[in-house]
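Student: could you look at this predicted model? Sequence included:
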Amino acid sequence: MADDKQTNFKAAKEIGQKCISFSMARVPESGRYFFGTSDFSVYDVDHLAEKPEPKAFEGEGHQSYVMGVALTEQHVVTGGWDRHLVWWDRETGKQVRGQKAHAKWLRGVEVSPDGKRIISVGDDMIARVWNAVSGKLLHELEGHAKRTPTHYPSMLFCAGFSPDGQLLATGDKLGHVIIRETKTFKPVKTLDAPGHYTWDPRARRHSIGGLRSLRFSPDGKQLYTGGIEKIGNVDHLGAPGRLEIFDWEKGESLKVIKNGGSYKGLVEHIEFAPDGKWAVLGGGDHGGWLVFVDTQEMKITRELKAPMHIHEFNLNEAADKIYAVGHDKLVRFDLQA
């Protein structure tokens, strides 16, 4: 069971931004991270500096929102709604390479635990695996339905590797998950979490929600999926954040956890404490929050209001700092003594 003192975080240092920051990747054992924004730029900042000053990367870069950031030994790799992947030198901030990666909006970028492969997902409903250094396309992974049961385009929102790098999971708008082994990338299991998806057949024939985040547990036995509960008014994110936990090998849903009170909106990102005793979720609607979950009891232990809607965050190695990016702000949360 998680010690309550382990999750006693408080917003400690804010950096104002005149844009939305959608994605980030942190340099290990530091407060330095790279983040992508709605002004089509990629920035470098040290959030532990006395006066943190984000610095924009140099190059043609992206022509739309930067939705994914991944960090390798040599490069920062970013993906945007412009359907392109861009490689940047992580020390100089200069562009190394840019290439078209998807036929529709690119939604996310992740790096394998060994740093050798990049996975990108997009609304063409294909996950693509790339050589992290050369950018060579290695695999194209299909299997997610291109259209919803009501004949509207679907979206492929997220992907994630298991901690040992032997599995890859991808999740789409309908809550469908495909898990593959990473030697040949053949599917080994499919899961469905339809509770993350809302369809309104009356007022606007419109859908919202979707599976927006996923993460394997540290032991690789469970898969955490994040989204939002069923929504009454599909024009707003007016429903609690939703976490569904699976025993993926058995294909069994173990628990559905819903945010309480005013903590509404999408679960945009999920991470685990190094000891695996607790997980933290981040997201929001017009506001934002962090929610802490005891992984043994499978229940919420703390809900913390954030200064903004959080799109992505990173918990450091000591589990005493959380670096978060989102609407108009970058925020560092510190564990309180």
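Tutor: Perfect, I can see it now.

Student: elements contacting the lengthiest strand in the chain?
Tutor: Using DSSP state E, we find that the single longest strand of the chain is strand 9-26. Helices and strands touching strand 9-26, as assessed by 3 or more CB pairs under 8 Å, 6 or more residues apart in numbering; DSSP states H and E, comprise strand 32-37, strand 66-71, strand 106-111, strand 299-306, strand 310-315, strand 321-335. Any C-beta I mention is one placed from the backbone N, CA and C, and that applies to glycine too.

Student: list the buried residues in that strand.
Tutor: 9, 11, 13-15, 17, 20-26 (16 or more other CB atoms under 10 Å).

Student: tell me which of the helices and strands packed on strand 9-26 sits nearest to Asp275.
Tutor: Of all the helices and strands packed on strand 9-26, it is strand 310-315 that lies closest to Asp275, at 11.7 Å by CB to CB.

Student: from the buried residues of strand 9-26, which one has the minimum pLDDT?
Tutor: Among the buried residues of strand 9-26, Gln17 has the lowest pLDDT, at 94.

Student: pLDDT on stretch 263-270, on average?
Tutor: Across stretch 263-270, pLDDT averages out at 94.

Student: ok, residues contacting that stretch?
Tutor: Residues from elsewhere that reach stretch 263-270 (CB atoms under 8 Å, 6 or more residues apart in numbering): 209, 212-215, 224, 226-228, 237-243, 279-289, 291, 303, 305, 309-313.

Student: which among those residues count as buried?
Tutor: 209, 212-215, 224, 226-228, 237, 239-243, 279-285, 287-289, 291, 303, 309-313.

Student: show me those that map onto strands.
Tutor: Within the buried ones among the contacts of stretch 263-270, residues falling in strands by DSSP E are 209, 213-215, 224, 226-228, 241-243, 279-284, 288-289, 291, 303, 310-313.

Student: all strands for the stretch 151-300 of the chain, in order.
Tutor: Counting by DSSP state E, counting those that start in this stretch, residue ranges of the strands within the stretch 151-300 of the chain are 156-161, 167-172, 176-181, 187-192, 197-200, 206-209, 213-216, 222-228, 241-247, 252-258, 266-272, 278-284, 288-294, 299-306.

Student: okay, now Met155: neighbour count?
Tutor: 22 (other CB atoms under 10 Å).

Student: phi, psi of it?
Tutor: Backbone torsions of Met155, given as degrees, to the nearest 10, read phi -140, psi 140.

Student: Lys186 too?
Tutor: Torsion angles at Lys186 (phi, psi; degrees, to the nearest 10) stand at phi -80, psi 140.

Student: do I have it right that it meets Arg180?
Tutor: Yes: the pair Lys186 and Arg180 qualifies as a contact (CB atoms under 8 Å) at a distance of 6.2 Å.

Student: picking up where we left off before, name the member of the buried residues of strand 9-26 with the shortest distance to His75.
Tutor: Closest approach to His75 among those (CB to CB): Ala25, at 10.6 Å.

Student: surely the closest one and Leu71 touch.
Tutor: Yes: using CB under 8 Å as the test, Ala25 is close enough to Leu71 to be in contact (4.0 Å).

Student: who touches both of those two?
Tutor: Counting by CB under 8 Å, 6+ apart, the contacts common to Ala25 and Leu71 are 34, 111.

Student: what is Thr190 paired to in the beta sheet?
Tutor: Beta-bridge pairing for Thr190 (DSSP bridges): Ile178.

Student: I'd like the distance between it and Asp334.
Tutor: Counting by CB to CB, to the nearest Å, the gap from Thr190 to Asp334 is 40 Å.
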